[in-house]
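Peer 1: Predicted model and sequence follow; I will ask about them next.
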Amino acid sequence: MAARSNNPHAGLDMGGDPSNPHAGLDMGGDPSNPHAGLDMSGDPSNPHAGPHAGGGTDVTKLGLSAPDPDRPIDPTHRVAGMIAVDAKAKDRVKPGTAVFLVVKRAGPDGAPSGPPLAVDKLTWASGGVPFELTDAQAMVAGTELTGDVVVMARYDQDSDALSKEPGDITGQVRVKIPADHVQLSLDTVLP
């Protein structure tokens, strides 16, 4: 049996300075941009492209493996329901605006924790938006939509997953997977 390395970057050319968390990646121009040097335009026809700028990032550029598009999807690894807007914010929403949906593990305190398990970009419609997330919306190989999770949604006025603007509306709900008939209320207007 081969020895297991404790190096999370084992086998990857991280190049240069070992204290640089971006060593080996071309981070491009703007050092304040966490996605500098990565193509965030994605491929809208790729079901694994995330919510960034019309498609998502190629996680393989981060040294991660993308999920196999032909892998079997476990039907019990799902969360489905309806996103509605709270009465106090209903005059702020209009059809056709992007809604970003992210699922993360629930931490011990119930707050979202760790990297996204699954993501999706939806379009707001009058009366709310139905949603369903499964392992098919996972961005990284080996990610399973299971356990105690927090489902977060953001009505995003500029349809840019990376920016948050005053007037965007967020909401979240904690559920145990599998979960159907989840009611997620957009109830917090960003100042």
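Peer 2: Alright, I've got the coordinates. Numbers count the residues shown, from 1 in each chain.
Peer 1: And the next helix or strand past the helix or strand hosting residue 152?
Peer 2: Using DSSP states H and E, residue 152 sits within strand 148-156. Proceeding N to C from strand 148-156, the next assigned helix or strand is strand 169-176, under DSSP H and E.
Peer 1: Mind listing residues that contact that following strand?
Peer 2: With CB atoms under 8 Å, 6 or more residues apart in numbering as the test, strand 169-176 has contacts from 79, 83, 85-86, 89, 92-93, 106, 110, 112, 147-155, 182-190. Bear in mind the C-beta positions are built from the backbone N, C-alpha and C, glycine included.
Peer 1: Could you tell me which residues within that strand count as buried?
Peer 2: Going by neighbour count (16 or more other CB atoms under 10 Å), the buried part of strand 169-176 is 169, 170, 171, 172, 173, 175.
Peer 1: Name the strands paired with it and say parallel or antiparallel.
Peer 2: Applying DSSP bridges, strand 169-176 is found paired with strand 148-156 (antiparallel), strand 188-189 (antiparallel).
Peer 1: For the first one, buried residues please.
Peer 2: Going by neighbour count (16+ other CB under 10 Å), the buried part of strand 148-156 is 149, 150, 151, 152, 153, 154, 155, 156.
Peer 1: re earlier: which residues make contact with the strand holding residue 152 from outside it?
Peer 2: Applying CB under 8 Å, 6+ apart, the set of residues contacting strand 148-156 from outside is 79, 81, 83, 85, 92-93, 97-106, 110-112, 117, 124, 131, 133, 163-165, 168-177, 182, 184, 186.
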